[in-house]
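Trainee: one predicted model, sequence on top.
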Amino acid sequence: MIRTLKRVEPVQFGKISAAIYGLMSLIFVPFFILFAIIASFAPKAQNAPPAAITIGFGLAMAIFMPILYAVMGFLFGVIGAWLYNLIAKWIGGIQVEVE
């Protein structure tokens, strides 16, 4: 049986997108921490910041990156669902086969 997806609720889709993007960003957090630690041991130029600032920046990015990704996922999810609804009115929705 083929059904047509005619409309997507933008806010609900935004919440789902925020959760997915936020969770996916957690994959990168260990790498940010690792690279910050490695960068703190790299030879420094004369005007380079101290190692504590380098590690601190990496840890701050590791904390704020999932939040930033979730916010961006929500915004782009809402915009994407709104665009889908607009276009689906003109040319029809996505057809899916269900049992």
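Mentor: In hand now; what should we look at?
Trainee: so where is the chain shaky, pLDDT-wise?
Mentor: Under the criterion pLDDT under 70, the flagged ranges of the chain are 45-46, 48-49, 51.
Trainee: where exactly do the helices run in it?
Mentor: 10-25, 29-41, 51-91 (DSSP state H).
Trainee: looking at those, spot the one closest to residue 4.
Mentor: Residue 4 lies closest, by C-beta to C-beta, to one member of the helices of the chain: helix 51-91, at 8.5 Å. The way it works is simple: take the backbone N, C-alpha and C, and place the C-beta from them, glycine included.
Trainee: what's the angle from the closest one to helix 10-25?
Mentor: Computed by axes from the mean of the first three to the mean of the last three C-alpha atoms, to 10 degrees, the angle separating helix 51-91 from helix 10-25 equals 140 degrees.
Trainee: find the nearest non-adjacent residue to residue 9, please.
Mentor: residue 81 (7.0 Å; C-beta to C-beta, 6 or more residues apart in numbering).
Trainee: and for that neighbour, the neighbour number?
Mentor: 20 (other C-beta atoms under 10 Å).
Trainee: got TSV for the helices of the chain, with distance to residue 97 too?
Mentor: Formatted as TSV, the helices of the chain follow (distance: least, C-beta to C-beta, whole Å):
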stretch	distance to residue 97
helix 10-25	21
helix 29-41	38
helix 51-91	18
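Trainee: number of nearby residues for residue 23?
Mentor: Neighbours of residue 23 using other C-beta under 10 Å come to 13.
Trainee: residues in contact with it?
Mentor: residue 66 (C-beta atoms under 8 Å, 6 or more residues apart in numbering).
Trainee: likewise for residue 72?
Mentor: By C-beta under 8 Å, 6+ apart, the neighbours of residue 72 are residue 21.
Trainee: gap between it and residue 6?
Mentor: Per C-beta to C-beta, to the nearest Å, residue 72 is found 27 Å from residue 6.
Trainee: which ones are touching the closest residue to residue 75 other than its chain neighbours?
Mentor: Among residues not flanking residue 75 along the chain, residue 14 sits closest, at 7.2 Å (C-beta to C-beta, 6+ apart). By C-beta under 8 Å, 6+ apart, the residues touching residue 14 are 73, 74, 75, 77, 78, 81.
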